[in-house]
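A.B. asks: sequence first, predicted coordinates after that:
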There are 2 protein chains.
Amino acid sequence: MKKGCPYGTHRVIEPKGVLPQPALKIDNNMEIYDNEILIDVQTLNIDSASFTQIKEEAGGDIEKIKEIMMDIVNTRGKHQNPVTGSGGMLIGRVEKIGPALEGKTNLKVGDKIATLVSLSLTPLRIDEILEVRKDIDQVDIRGKAILFESGIYAVLPDDIPENLALSVLDVAGAPAQTAKLVKPGDTVLVIGGAGKSGMLCLYEAKKRVGVTGKVICLGYSQESIDRVKEANLADYYIKADATNAVEVMEKIKEVTNGEMADITINCVNVPNTEMASILATKDNGLIYFFSMATSFTKAALGAEGVGKDVTMIIGNGYTKGHAEIALQIMRESEELRKIYEELYA
Amino acid sequence: MKKGCPYGTHRVIEPKGVLPQPALKIDNNMEIYDNEILIDVQTLNIDSASFTQIKEEAGGDIEKIKEIMMDIVNTRGKHQNPVTGSGGMLIGRVEKIGPALEGKTNLKVGDKIATLVSLSLTPLRIDEILEVRKDIDQVDIRGKAILFESGIYAVLPDDIPENLALSVLDVAGAPAQTAKLVKPGDTVLVIGGAGKSGMLCLYEAKKRVGVTGKVICLGYSQESIDRVKEANLADYYIKADATNAVEVMEKIKEVTNGEMADITINCVNVPNTEMASILATKDNGLIYFFSMATSFTKAALGAEGVGKDVTMIIGNGYTKGHAEIALQIMRESEELRKIYEELYA
């Protein structure tokens, strides 16, 4: 059996020497290397930008959608949309586990998993497309895929419906990082706290700051703030526009008696909220940017411009145990589960 | 005497409610607020992008350059180029210190300082432009400026020539953060280690890892690597293209016996080096991105894509004591001072 690289570089056909994601073509032969996992695929969750492009190109025609998808996989060995560059994720059952992974993985043959690495780097073979669910970007197939040694995944639990689990896993990194960072007594501000990932962060923060800490939810719409309030996820609720740095600073000053936040978690997916995050945080405090709309230069130059000695972290969607931490919230909090079921599942 | 906001919002004329940097016009009346410092300006160091634009607009004519500069300051109350948006910094002497800063600042009237906040947010009045030094983007003036309470600065030392001090201060954040992060025994990789900020980081890292640690310099050109080698700034020297993630990973694997780096400091100002930084760093390691060419999304999605549990920090140009730490290197290291004098002063 051939030995593989943890990152799957052994599967790259063209151009040589790059990683599977930027590669134009990867090997989708389903004979596994010693450190790979073979998956019997059930459903592809195509990335929303990618699926929209495919639907448009197909003029909404199901057969044409299937044709485009087959063509992508036959050409590239993976479902990476050549226009958007994006992938998606998949659900399936573990069929084979490479011997080099023994003792390194808890997976067993037969486990139902969701891969949490992008389809844009996952070797995939489609034998047949069974059903295209156009409205939710899901496609059922008969086919196989490979998970590399470095590839992350979550075992789907029996006690949480699949769609609910998937919507939680989609933002699992944020609450898991919150759980790691927050200490008793901290003042934690979650910008975008009424959103999909923000609510999970509030929950984890509140659990950890204890009675001596403070959790502040900053949201944009009164409706979503009311929802969070009803679920009692924070100690303070502030309605403000996070692109208005001065307004946010004044409001945080008020609820913290001028002390500002120890930790600010930015979960709001709109641009130009870096400065509000910086001004809301105390000197020597910490800012976690989960928003993909964050600008590196705006954050770096912004903090320097106001002479703020804060640690600013780039939100890593992955941290050890992130799937378990996020799914556990759905078991612990009835209120949050209800909100999630209503809004996202 | 009027009370001011630490960030200078009290000086904003238009539009109301924003910070001085994004403002179109700020108040450059030189009567100070209680928490401001008045500076008697000697020299403006115009940001390179801004000065290039001004020179081009003026067709290289000195009188026309002066006219454009006066016009900018008269219109905006600060020297923020309306085309590039950028500023620069200034050198001058402290003339007055607001009473609210007593006990909060070590500055004395008469101190010669360089402001380390951008001219794009600094209230400035130019009475006369004395000399334009076109080749080095410097302009001597008669005029005054205001430093806000949050504004950072460095007192220019007597024992280091002004131009050498300025070129060190330009990148002071990187070595100061390195000094804070690195612990004895660490394996530290500096990507772009042979560059202006990289060399200072190597020096600080080597001082702190001690005999049980390792410092690795990764550079692109043999000439600059040889220079660093001669100054003995690292333990290992690697010539590689930092945009080639797989090549970098293999070479770091080799010199670390597969252990990879505890801390990676990225100082290389070219795009697409996020992945090399991620693959070169061990799980639970730390990456400090100082490169302004860093893409937030490439770093965030890159780490998730390869399932790497690393902490990625956005390089903050400011940290307490950063100017002192960086200038001290020029006193400690004769070799580095010689290189700096030759290349940058």
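C.D. replies: On my side now, so go ahead.
A.B. asks: most remote residue from chain A's center?
C.D. replies: The C-alpha centroid of chain A is most remote from residue A:257, which lies 34.2 Å away (CA atoms, centre = their mean).
A.B. asks: what sits against whichever residue of the stretch 1-150 of chain A sits closest to chain B?
C.D. replies: Residue nearest to chain B within the stretch 1-150 of chain A: residue A:150 (4.6 Å; CB to the nearest CB). Quick note: C-beta positions are derived from backbone N, CA and C, even for glycine. Residue A:150 makes contact with A:6-8, A:117, B:306-308, according to CB atoms under 8 Å, 6 or more residues apart in numbering or on different chains.
A.B. asks: and it, what's its pLDDT?
C.D. replies: pLDDT, residue A:150: 94.
A.B. asks: how close does it sit to residue B:283?
C.D. replies: 10 Å (CB to CB, to the nearest Å).
A.B. asks: now do the shared contacts for the two.
C.D. replies: By CB under 8 Å, 6+ apart, the residues touching both residue A:150 and residue B:283 are residue B:308.
A.B. asks: how many other residues sit next to residue A:297?
C.D. replies: 14 (other CB atoms under 10 Å in any protein chain shown).
A.B. asks: how close does it sit to residue B:274?
C.D. replies: Counting by CB to CB, the separation of residue A:297 from residue B:274 is 14 Å.
A.B. asks: cool, and residue A:96?
C.D. replies: Using CB to CB, residue A:96 is found at 33 Å from residue B:274.
A.B. asks: neighbour-wise, which of these two wins?
C.D. replies: Set residue A:96 next to residue B:274 and count neighbours by other CB under 10 Å: residue B:274 wins out with 29 against 16.
A.B. asks: that one contacts residue B:299, correct?
C.D. replies: Yes - between residue B:274 and residue B:299 there is a contact under CB atoms under 8 Å: 4.4 Å.
A.B. asks: shared neighbours of those two, which are they?
C.D. replies: Any residue near both residue B:274 and residue B:299 by CB under 8 Å, 6+ apart counts here, and that gives residue B:289.
A.B. asks: ok now do residue A:124, which residues does it touch?
C.D. replies: Shown in contact with residue A:124 (CB under 8 Å, 6+ apart): A:28, A:41, A:73, A:77-79, A:90, A:143-146.
A.B. asks: among these, who's most crowded?
C.D. replies: Most surrounded of the contacts of residue A:124: other CB under 10 Å gives residue A:146, at 30 neighbours.
A.B. asks: neighbours of the residue nearest to that residue when sequence neighbours are not counted, how many?
C.D. replies: Using CB to CB, 6 or more residues apart in numbering or on different chains and skipping residues adjacent in sequence, the residue nearest residue A:146 is residue A:123, 4.0 Å away. Residue A:123 has 26 neighbours, counted by other CB under 10 Å.
A.B. asks: list the contacts for residue A:123?
C.D. replies: Neighbouring residues of residue A:123 by CB under 8 Å, 6+ apart: A:8, A:11, A:20, A:26-30, A:77-78, A:145-146.
A.B. asks: strands - which of those residues land there?
C.D. replies: Within these, residues falling in strands by DSSP state E are A:26, A:145-146.
A.B. asks: what pLDDT does the nearest residue to residue A:27 once chain neighbours are set aside get?
C.D. replies: Spatial nearest neighbour of residue A:27, excluding adjacent residues (CB to CB, 6+ apart): residue A:11 at 4.5 Å. At residue A:11, the pLDDT value in this model is 97.
A.B. asks: just list the residues touching residue A:11, thanks.
C.D. replies: Residues counted as contacts of residue A:11 (CB under 8 Å, 6+ apart) are A:4, A:20, A:26-28, A:77, A:123, A:146, A:148.
A.B. asks: among the residues you listed, which one lies nearest to residue A:334?
C.D. replies: Using CB to CB, residue A:148 is the member of the contacts of residue A:11 that lies nearest residue A:334, at 37.4 Å.
A.B. asks: now do the phi/psi pair for the closest one.
C.D. replies: Dihedral angles of residue A:148 (phi, psi; degrees, to the nearest 10) stand at phi -70, psi 170.
A.B. asks: please apply the same query to residue A:241.
C.D. replies: According to degrees, to the nearest 10, residue A:241 has phi -90, psi 110.
A.B. asks: contacting residues for it?
C.D. replies: Going by CB under 8 Å, 6+ apart, residue A:241 touches A:220, A:247-248.
A.B. asks: quick one: low-confidence parts of chain A?
C.D. replies: Of all residues in chain A, none has pLDDT under 70.
A.B. asks: which parts of it are helices?
C.D. replies: Secondary structure of chain A by DSSP state H: the helices cover A:48-57, A:62-76, A:162-169, A:173-181, A:196-209, A:222-230, A:245-255, A:274-280, A:296-305, A:322-332, A:334-343.
A.B. asks: how big is the angle separating the fifth one from helix A:162-169?
C.D. replies: The directions of helix A:196-209 and helix A:162-169 differ by 70 degrees, with axes from the mean of the first three to the mean of the last three CA atoms, to 10 degrees as the criterion.
A.B. asks: quick check: the closest residue to residue A:294 other than its chain neighbours vs residue A:193, distance?
C.D. replies: Closest residue to residue A:294 apart from its sequence neighbours, by CB to CB, 6+ apart: residue B:296 at 4.8 Å. For residue B:296, the distance to residue A:193 (CB to CB) stands at 21 Å.
A.B. asks: so for those two, which sits in the more crowded spot?
C.D. replies: A direct count of neighbours by other CB under 10 Å for residue B:296 and residue A:193 places residue A:193 higher, at 29 against 24.
A.B. asks: residues from the stretch 201-345 of chain A in reach of chain B?
C.D. replies: By CB under 8 Å from any CB of the partner chain, the residues of the stretch 201-345 of chain A that approach chain B are A:244-247, A:275, A:279, A:289, A:292, A:294-297, A:299-301, A:303-320.
A.B. asks: what separation do you get for residue A:197 and chain B?
C.D. replies: For residue A:197, the distance to chain B equals 13 Å [CB to the nearest CB, to the nearest Å].
A.B. asks: mind listing what that residue touches?
C.D. replies: Residue A:197 makes contact with A:171, A:174-175, A:267, A:290, according to CB under 8 Å, 6+ apart.
A.B. asks: closest to chain B out of the residues you listed?
C.D. replies: Within those, proximity to chain B (CB to the nearest CB) peaks at residue A:290, which comes in at 8.4 Å.
A.B. asks: that closest one and residue B:47: what is the separation?
C.D. replies: From residue A:290 across to residue B:47, the span is 31 Å (CB to CB).
A.B. asks: which of these two has more neighbours?
C.D. replies: Neighbour totals were compared for residue A:290 and residue B:47, and residue A:290 leads with 28 against 22 (other CB under 10 Å).
A.B. asks: can you count the residues close to residue A:249?
C.D. replies: Look at residue A:249: counted by other CB under 10 Å, it has 23 neighbours.
A.B. asks: please name the nearest non-neighbouring residue to it.
C.D. replies: Of all residues not flanking residue A:249 in the chain, residue A:279 sits nearest, at 4.0 Å (CB to CB, 6+ apart).
A.B. asks: residue A:154: what's its closest spatial neighbour, skipping adjacent residues?
C.D. replies: Per CB to CB, 6+ apart, closest to residue A:154 is residue A:323, 3.5 Å.
A.B. asks: same check, this time on residue A:54
C.D. replies: Excluding its sequence neighbours, the residue lying closest to residue A:54 (CB to CB, 6+ apart) is residue A:68, at 5.2 Å.
A.B. asks: tell me the domain ranges of chain A?
C.D. replies: Using automatic domain parsing, the domain parsing of chain A gives A:9-156, A:173-344.
A.B. asks: point out the most buried one among those.
C.D. replies: Of all the domains of chain A, domain A:173-344 carries the top mean neighbour count, a mean of 21, counting by mean count of other CB atoms under 10 Å in any protein chain shown.
A.B. asks: end to end, how far does it reach?
C.D. replies: Taking CA to CA, to the nearest Å, domain A:173-344 runs 17 Å from one end to the other.
A.B. asks: check stretch A:225-244 too.
C.D. replies: End-to-end distance (CA to CA), stretch A:225-244: 18 Å.
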